[in-house]
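Student: Let's see this in three dimensions:
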Amino acid sequence: MKALVIEKPGLSGVKESIDPKPASGWVTIRVMACGICGTDLHIFQGEYLGGYPITPGHELAGVIEAVGAGVTRFAVGDRVAIEPNIPCNNCEACLHNRQNFCENWKAVGVTLPGGMAQLVACPESALFSIGGLPFEQGAFMEPLSCVVHGVERAHFRIGDRVALFGAGPIGIMMLRLLLLQGVTDVTVVERNTHRLAIARTSGAAHCITSTNELKRDFYDVVADATGAPALEELAPSFARAGGTVLLFGVPPAGKNIQLEPFAFFHKGLTILSSYTSLRNSYQAVSLIASGRLPVTDLVTHRLPLERFSEGIEAITAGAEVMKVMMLPNG
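Tutor: Residues are numbered from 1 along each chain as shown. As a prediction, this is how the structure comes out:
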């Protein structure tokens with residue numbers, strides 16, 4: 001098979017690789033769609049977990065090609081998406097139902113070969129049926145499950161006033177989910193005018209290009225979907241007294257921000273972060289399948305493995321790019 005390999009930060013290429021054979025309890029999936037995520041960008045830039053070389057890709061959907069011994073829920077030909085985090089289910093974190101913080105954590109596309117290949121192996125426990133959903137929609141299961149987890153953690157309420165930083169794919173999915181939950185007033189901050197236009201048509205009450213236009217001490221929840229340290233540093237100043245700040249975007253490792261502890265004390269703020277998801281994949285599939293949370297319009301680029309670097313460049317440059325979808329099998 002062909003597989004995209006990041007040899008070291010900044011260097012990638014397509015290589016011939018041995019087809020993976022499913023171990024007991026595992027399956028092999030023919031990958032039909034795999035999105036490039038911010039995490040993949042961090043891996044390419046040398047700013048995230050895992051070692052090199054690595055085949056990235058954890059937002060994927062495809063068809064089961066082969067099954068190992070003991071697989072019972074799925075069969076060859078089933079259409080599936082995967083939850084890439086693989087917990088050990090035996091450490092203290094797992095036994096406290098905190099599998100996303102597994103002490104022996106592994107992840108498809110991060111520490112294990114991922115979906116930017118024609119075939120990928122993963123455990124049956126990571127599989128979720130997408131039924132008749134198009135593969136590109138199924139590939140959104142993983143990022144949407146992360147959004148669901150973040151929204152659940154922040155306890156958004158009906159009628160909340162929200163400031164949302166970022167209108168990339170994650171920001172738009174969060175906006176759409178918040179509106180489904182009854183949040184009535186979302187102000188989206190995004191410098192990219194193309195993305196801001198999508199936020200506007202998605203139902204954002206206000207669309208602005210700078211935090212200078214935000215009201216201070218005003219919003220019930222301030223959510224950052226960019227991971228930009230400069231924005232995360234500013235976020236608490238816009239939350240009302242007793243409000244919440246959700247740091248959701250993936251920041252670069254090793255970067256610091258400066259915060260004033262007295263401001264948290266004086267305003268009684270709740271500061272939250274959200275890491276991956278926690279058994280939210282059924283919710284994500286249901287939301288997409290219902291048609292109430294559309295994702296197809298977020299795909300702006302469809303590329304073969306050989307053009308991975310073009311996808312990275314498009315994301316880095318911004319312009320009119322949202323989700324870059326890799327198509328390993330055409």
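
Student: Now do Pro252 against Pro143, distance only.
Tutor: 19 Å (Cβ to Cβ, to the nearest Å). All C-beta spots, glycine's among them, are computed from the backbone N, C-alpha and C.

Student: show me what contacts the residue in the chain sticking out farthest from the centre?
Tutor: In the chain, counting by Cα atoms, centre = their mean, His266 sits farthest out from the average C-alpha position, at 33.3 Å. Taking Cβ atoms under 8 Å, 6 or more residues apart in numbering, we find His266 in contact with Ala241.

Student: quick one: pLDDT of it?
Tutor: Note on His266: pLDDT of 93.

Student: ok, then the element right after the helix or strand it falls within?
Tutor: Taking DSSP states H and E as the criterion, His266 maps to helix 261-267. Following helix 261-267 in sequence order, the next helix or strand is strand 270-273 (DSSP H and E).

Student: State the mean pLDDT of the strand or helix carrying Glu232.
Tutor: Per DSSP H and E: Glu232 is located in helix 229-234. Regarding helix 229-234, the rounded mean pLDDT is 96.

Student: For that helix, list the C-alpha coordinates in PDB.
Tutor: Extracted in PDB, the C-alpha atoms of helix 229-234 (Å, rounded to 0.1, in the frame of the first residue of the first chain):
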ATOM      1  CA  PRO A 229      -1.600  31.800  23.000                       C
ATOM      2  CA  ALA A 230      -2.100  35.500  22.500                       C
ATOM      3  CA  LEU A 231      -5.900  35.000  22.300                       C
ATOM      4  CA  GLU A 232      -6.000  32.600  25.200                       C
ATOM      5  CA  GLU A 233      -4.200  35.300  27.300                       C
ATOM      6  CA  LEU A 234      -6.900  37.800  26.400                       C
END
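
Student: Tell me which helix or strand comes right after it.
Tutor: strand 239-247.

Student: Quick one: residues in contact with that next one.
Tutor: Residues contacting strand 239-247 (Cβ under 8 Å, 6+ apart): 150, 153-155, 217-224, 232, 235-236, 266-274.

Student: That'll do, ta.
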